[in-house]
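[1] Predicted model follows, preceded by the sequence.
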Amino acid sequence: MLALLGAFGQEIVDLRRRMAVAEVVTGRGCKLYRGKLENRDALLVKTGMGKERAENATELMLERYPVSAIISLGFAGALAPELSIGDVVICSTLHCARKADDKWVSAGACVSDERLLSLASQGIDNIPARCRLGSSVSVLQLESSTKKLQGLAEAFHAHIVDMESYWIARIASSRQIPFIAIRSISDTAQENVQPFDRILAPDGRLLAGKAIWCFVTHPQYLINTFTLYRNVRIARKSLYACVSHLVNRM
């Protein structure tokens, strides 16, 4: 059974619309759909944001279902300057980073399955999105200010940053389950999308009270809201194109 995991509803919504759902399971802060996707048995999981929720959702899924392969999917921030909104990175290496003495250091690394990487790469030029192989680094805290991520790309030679892929990959590796991560760019190194580290709950919900206060005290953040909304729409379309391309070849 194929499993596809994304942190937020916007990351999985297009796959959900294509899925014939037979069962819905909630628990441990996540929501899981079981059914048919592209005529194959599949699980689609909304994990919530960050390490703890990604791990809890993955463990719950593996306790209940016989998973044969895992795709971690979603949005990411670009670390490589050549990446643009809507570009897709198929992650071959997944790092984990933590801060020590104000420097980024490694807290582990995993790799994607070679067969899945090969399948994802086949015919990649024919899909309506600009895709490339690359590497990711997962961090423990949402950072909407690019200044807080300075040095991350150089420390890990990473192309993108997210908050979930490494943790899911680590569990998949421990269970010897084939794994791959696919991420679409929703913000770049040239943008500042504050204040979303302040007004989003771990499951991706908008914290209305904090949001209102933030926008009243910082009206310029409203521009960032519209920018991110536009970016997410572009990133979502590219993400679905790349993930469905892989699913159809598995």
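    Now that the structure is in, tell me what you want to look at.

[2] And the helices in this structure, which stretches?
    Remark: helices assigned in the chain by DSSP state H are 9-18, 51-64, 114-121, 152-156, 165-174, 196-199, 208-217, 221-247.

[3] and the angle for the last one with helix 114-121?
    The one in question is helix 221-247. On the basis of axes from the mean of the first three to the mean of the last three C-alpha atoms, to 10 degrees, helix 221-247 is oriented at 110 degrees to helix 114-121.

[4] And the second one, by the same measure?
    Orientation of helix 51-64 against helix 114-121 (the same axes, to 10 degrees) gives an angle of 110 degrees.

[5] Centre-most residue in this protein?
    Central residue of the chain (C-alpha atoms, centre = their mean): G74, 3.0 Å from the mean position.

[6] Could you measure from that one over to E52?
    According to C-beta to C-beta, to the nearest Å, G74 and E52 sit 16 Å apart. From N, CA and C alone the C-beta is placed, and that goes for glycine too.

[7] Also A172?
    Relative to E52, A172 is positioned 17 Å away (C-beta to C-beta).

[8] neighbour count winner among those two?
    Shown here are A172 and E52; by other C-beta atoms under 10 Å, A172 has more neighbours (25 against 15).

[9] pLDDT at the nearest residue to that one once chain neighbours are set aside, what is it?
    Nearest residue to A172, sequence neighbours excluded (C-beta to C-beta, 6 or more residues apart in numbering): F179, at 3.7 Å. For F179, the pLDDT comes out at 98.

[10] distance of F179 from S238?
    21 Å.

[11] Same check on A3?
    In terms of C-beta to C-beta, A3 sits 21 Å off from S238.

[12] what about G6, how many neighbours?
    A total of 27 residues lie near G6 under the criterion other C-beta under 10 Å.

[13] tell me the contacts of it?
    Contacts for G6 (C-beta atoms under 8 Å, 6 or more residues apart in numbering) come out as 12, 45-47, 72-74.

[14] and with 6 Å instead?
    Neighbour list for G6: 12, 73-74 [criterion: C-beta atoms under 6 Å, 6 or more residues apart in numbering].

[15] if I look at it, how far off is D14?
    Note on G6: its distance to D14, by C-beta to C-beta, is 10 Å.

[16] one step back: the residue nearest to the centre of the chain contacts A7, doesn't it?
    Yes. Between G74 and A7 there is a contact under C-beta atoms under 6 Å: 5.4 Å.

[17] related to what we said a few turns ago, who does the residue nearest to the centre of the chain bridge with?
    Bridge pairing for G74 (DSSP bridges) gives the partners R183.

[18] Now do it against M163, distance only.
    With C-beta to C-beta as the criterion, G74 and M163 are 9 Å apart.

[19] beta partners for the closest residue to L44 other than its chain neighbours?
    Nearest non-adjacent residue to L44, counting by C-beta to C-beta, 6+ apart: Y33, 4.4 Å away. Applying DSSP bridges to Y33 gives these bridge partners: V24, L44.

[20] Now for Y33: which residues touch it?
    So Y33 contacts 21, 24, 44 (C-beta under 6 Å, 6+ apart).

[21] If any of those residues are buried, give me the ChimeraX selection for them.
    Restricted to buried positions by 16 or more other C-beta atoms under 10 Å, the ChimeraX selection for these reads:
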select :44
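
[22] now, which of the contacts of Y33 sits nearest E59?
    Comparing the contacts of Y33 against E59 with C-beta to C-beta places L44 closest, at 16.8 Å.

[23] Quick check: M61 vs Q10, distance?
    M61 is 20 Å from Q10, where distance means C-beta to C-beta.

[24] And S138, by the same measure?
    With C-beta to C-beta as the criterion, S138 and Q10 are 19 Å apart.

[25] can you check K31 too?
    Counting by C-beta to C-beta, the gap between K31 and Q10 amounts to 14 Å.

[26] More neighbours: which of M61 and Q10?
    Set side by side, M61 and Q10 show more neighbours around M61, with 24 against 19, by other C-beta under 10 Å.

[27] Thanks a lot, see you next time.
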